[in-house]
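> Here's my sequence, what's the structure:
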Amino acid sequence: MPSPRTRPAAVLLLASALVAVGLGPAAVPAAAATIPVGSGSYSDTRPPGTSGPTTNTGTPVTPKVTAAARNRPVPTNDWWSSLAFQRYGDNPYSTPMYGHPLTYQATAGGLDVGYPTTPAIVGDGRQYEYAHKRDLTIGLTGLNSPDTKADDWSDWTVTPYWSDGARTLRTTIGHGSPFVYAKGSGGNAQITTAGAPAVFADQGNVLGITVAGHHYALFAPTGSDWNVSGSTVTAGLGSKDYFSVAVLPSTGALATFKKYAYSFVTGSKVTWNYTGGTVGATYTLTTEAKEGTERGTLQALYRHQWLHTTDPLTSYTYVSPRGTMKVRESASFTTSQKAAAVLPALPRSNGVDTARLRGYLNEVVNAADPFSGASDTYWTGKALGRLAQLVPVADQIGETAVRDRMLGLMKGKLQDWFTAGGANEFSYDKDWKTLTGYPASYGSDTELNDHHFHYGYYVYAAAIVAQYDPAWAADSAWGGMVETLVRDTANPSRTDTAFPFLRGFDVYAGHSWASGHQGFAAGNNQESSSESTNLSAALVLWGSATGDTSLRDLGTFLLTTESESIAQYWFDADEQVFPSSFGHDTAGMVWGSGAAYATWWTANPEEIHGINVLPVTGGSLHLGGERAAIRRNIAEMERENGGPAVEWRDILWEFQSFADPAAAKAKWDAGHSGYTPEQGESKAHTYHWINTLDTLGAPDATVTGDIPASAVFTKGTTRTYAAHNHGPTARTVTFSDGKSFSVPARSTATSTGTGSGDPDPDPEPPTGNTFQLRSGGALTTATGGTAGSDTIASAGGANHDGTPYQPLVYEARGVNGTLTPGAQTAFRLQVDAGGTVGLGQQARISYDFTGDGSFDRTETYHYFATDPVTGWEEYTQARGLKASTGTSGDLAGGTVRLEVWSAIGNGTSKLQTGTDKSVLVIPYS
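Numbers count the residues shown, from 1 in each chain. Take a look at the predicted model:
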């Protein structure tokens, strides 16, 4: 979420997706009643002078649903929510909805359908989008509906409804579905195309057409016949009421799609389980056979899903903003992932000085206002989160008085909010079936934005209180109100009539959405993915502390699923999602149409990179699973920022510690005395975090414990195993590598062991001056590596001569050396363009003499033009120095960095790693 500064429109840097928002006068509430929940309560009416959901002009709105759906809780914050939430008074239909691979928009005449396959780069290169563009409209002859309503929905499908009095139309659409299933009455089936279609197959009731380069199949009931007249295609339905349309991966797929064209999807459901460190999930579609007996179907899996399934997939694929989607020929599929680690706090280590930590803790607890003047739900939550991170830390060093003072502060603030009346309270909206905290912020009231961001902090703080005071967390005490916030944001029940199932979490997309209304041309969006996972981690800890294993396991499913989505869609960990023309290694925001290197409130690179890190907690450990991506991320931030972080240095130091704890500690040591902590951070927490990981090593996601509250850290060949036992009796925790130990009741315990080695070890201080390249981003003086290669990203047809563009980055840290007089940097790099014509690779070598994060000397060499013949070619410093900055000097614990990128061309190439044929030789002894 944003910092407290204003949000100037000039820095939103988003495409035409963004529309100006204005709020009108608040509605006058009725007399309030207080609803008791244990020791707490909420109101059934908003406080005077406040607003609930409104249009952009301030007119109150209620859900736009049919009579059949009127009593169901509407899942706002979804990919299709504009069907039900009319944010703009002049649009009673919907804004573009991104189902992937298809896109949709409801209009008076039916459902516009598109299949965007070419990304556009907008906003000065800061956003890529596969924007909705209509290929065709699915409707009925004569249909002219005054509005579109949501008629039915399930976990990832929805059924829009049109009626103009004489005709009715329902279509069922969903994530991953190449089909649109239509049911209509009062008119013939009608498909109106954006241009005259090219017919590639005509089988009477089955028609294959190509529109705008995309292939579609139209399926009418047996006995019908499609007729083409210009851009209008119609078919009589006879006594039937159904037809379907599918986007085909190729014209040759028509027969396969015909097989499933009359197996109509009627619902979607995910189930999950947690067993012994593994999260499993099953995604199932229910179907109805309109003709024949076929009940199977086709569904396209996102990257975060197909990476973790062993189910057979077809050779069919689709383009999407999330990378390639792969098609499954079945009504269900399963995934299996190692569970994401969670701890209440990092464990105690000998790297933390007790006296120093005590001083930092006292600064927080003795502050004149530990809540920093926060009054709304978001900033109060941030303050609660800051205290919650320090309670276990104080406990570790025996500062029980400080611990208990913090617990008292947290309880007081939570109980204040959990009691109706007064300056702050939670209020239930019976129309939207949601609980809103007042004072609200960032549209959490009028737009139903960000409830999961805000309330996650409350649930996390309550979980820490419950860890030390189980009686406080009883349903009959204050736990009932905590559970009510959970029901609003992450309700596990599909039958609860008061709140929707998993309001903001999109189980198929694998992440949450932040906007309550989804009223943007780019679809829905989420900026701070890390505040979404903060709620999931809070569910793990709350469920563990209260003995609710069902809720604990839900949190583990949500956290594990979203952690992979974050890695792929926010950080492009495998470099297979972002288009090559998008010149960034991270996204501050993910949209239905793509992603943006931006935030809602600033263009500051530190906050663009940091917003998907904060808050750093024991639920953030999943970030350590992608160290190479973190290194690219930090490197880009420093390039864009013109140097190391300043404003959010603590957040970004902690982020770097997931990949390179020693480098993060060096930055802390050099810069901790003169900075102001980010509003949800404290020097106590940052000091403890960075020094603990420097001692234990970075998180090791390759090993998991058999309870969710467990984690592993690896430094060199030493693994440290940590687990927290929330239960009242000791228990044995067993890890996936066979390690086990007993954890006392209500305690965190650690044990060490020797593993196979850090999966991505922090390099030891190197000796010698010749460095080999290692995949994953290391420069090492060690020999005997395994030959491999890394992919150099395409220049995207642009000229990047002299300016790194999506470079491969290799580093050595802790380098000591005396500059050899007269010597120069040398390198030989094996590169291969395959058969691609016109590529050129370029190298830059940078020296940070003291390891303080600031590079004192850079050398950029002329690029090397590769030939279009498969086979390694050698690029050396003999190409000549193009540019340099700074003067050379001795290295004392310094950093050496090599960057390699495509300077020109439109294609990827390879760089050899792991051999003495690709090396960097530095002029030091």
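
> Quick one: the helices in the stretch 501-650 of the chain, in order.
529-546, 549-565, 605-610, 627-641, 649-657 (DSSP state H, counting those that start in this stretch).

> dump the residue contacts of the closest residue in space to G323 that isn't next to it in sequence.
Excluding its sequence neighbours, the residue lying closest to G323 (C-beta to C-beta, 6 or more residues apart in numbering) is V577, at 4.1 Å. C-beta coordinates here come from the backbone N, C-alpha and C atoms, glycine included. The contact partners of V577, taken as C-beta atoms under 8 Å, 6 or more residues apart in numbering, are R303, R322, G323, Q568, Y569.

> Surely D416 forms part of a helix?
Yes - counting by DSSP: H, G, I helix; E, B strand; the rest coil, D416 is found in a helix.

> Offset the numbering so it begins at 26, please.
That works, and once the first residue is 26, the last one we named lands at D441.

> Where does the prediction get shaky in the stretch 26-175 of the chain?
Scanning the stretch 26-175 of the chain for pLDDT under 70 picks out 26-57.

> quick one, strands of it?
59-62, 65-68, 122-123, 128-132, 135-139, 145-147, 152-154, 161-165, 173-178 (DSSP state E, counting those that start in this stretch).

> nearest to D531, of those?
D531 lies closest, by C-beta to C-beta, to one member of these: strand 122-123, at 10.8 Å.

> So which residues make contact with that closest one?
By C-beta under 8 Å, 6+ apart, strand 122-123 touches 104-105, 107-108, 128-130, 157, 198, 346, 543, 548-549, 617-618.

> Which strands or helices does the helix or strand hosting V304 pack on?
Here V304 sits within strand 303-314, counting by DSSP states H and E. Here strand 303-314 touches strand 288-300, strand 357-363, helix 574-590, going by 3 or more C-beta pairs under 8 Å, 6 or more residues apart in numbering; DSSP states H and E.

> Return the list of strands paired to the first one, each annotated with direction.
If I follow you right, that is strand 288-300. Partners of strand 288-300 in the sheet, by DSSP bridges, are strand 303-314 (antiparallel).

> likewise the shortest one?
Its sheet considered, strand 357-363 pairs with strand 303-314 (antiparallel) by DSSP bridges.

> Which one of the contacts of V602 is nearest to R151?
Y594 (16.3 Å).

> Count the residues that sit near the closest one.
27 (other C-beta atoms under 10 Å).

> And it, how close does it get to G801?
21 Å (C-beta to C-beta, to the nearest Å).

> what does S345 give?
27 Å.

> Which of the two has more residues huddled nearby?
Between S345 and G801, counted using other C-beta under 10 Å, S345 has the larger neighbour count: 24 against 16.

> before we move on, what SS does the more buried one have?
coil.

> Pull the contacting residues for the residue nearest to T309 when sequence neighbours are not counted.
The shortest distance from T309 to any non-neighbouring residue, by C-beta to C-beta, 6+ apart, is to S357 (4.2 Å). Under the criterion of C-beta under 8 Å, 6+ apart, the neighbours of S357 are T307, Y308, T309, L310.

> is it possible to export the residues you listed to TSV including pLDDT and neighbour count?
Shown next, in TSV, are the contacts of S357 (pLDDT from 0 to 100; neighbours: other C-beta atoms under 10 Å):
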residue	pLDDT	neighbour count
T307	98	13
Y308	98	25
T309	98	16
L310	98	26
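
> Now tabulate those in a markdown table and tack on distance to R882.
Converted to a markdown table, those look like this (distance: C-beta to C-beta, whole Å):
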| residue | distance to R882 |
| --- | --- |
| T307 | 55 |
| Y308 | 53 |
| T309 | 58 |
| L310 | 59 |
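
> Quick check: the farthest pair among the residues you listed?
Greatest spacing in the contacts of S357, by C-beta to C-beta: T307 and L310 (11.1 Å).

> The stretch 826-950 of the chain: strands as residue ranges?
Going by DSSP E, counting those that start in this stretch, the stretch 826-950 of the chain shows strands at 833-842, 851-857, 865-873, 882-886, 889-890, 898-901, 906-910, 916-929, 934-938, 944-946.

> out of those strands, deepest packed?
Among those, ranked by average contacts under mean count of other C-beta atoms under 10 Å, first place goes to strand 865-873 (a mean of 24).
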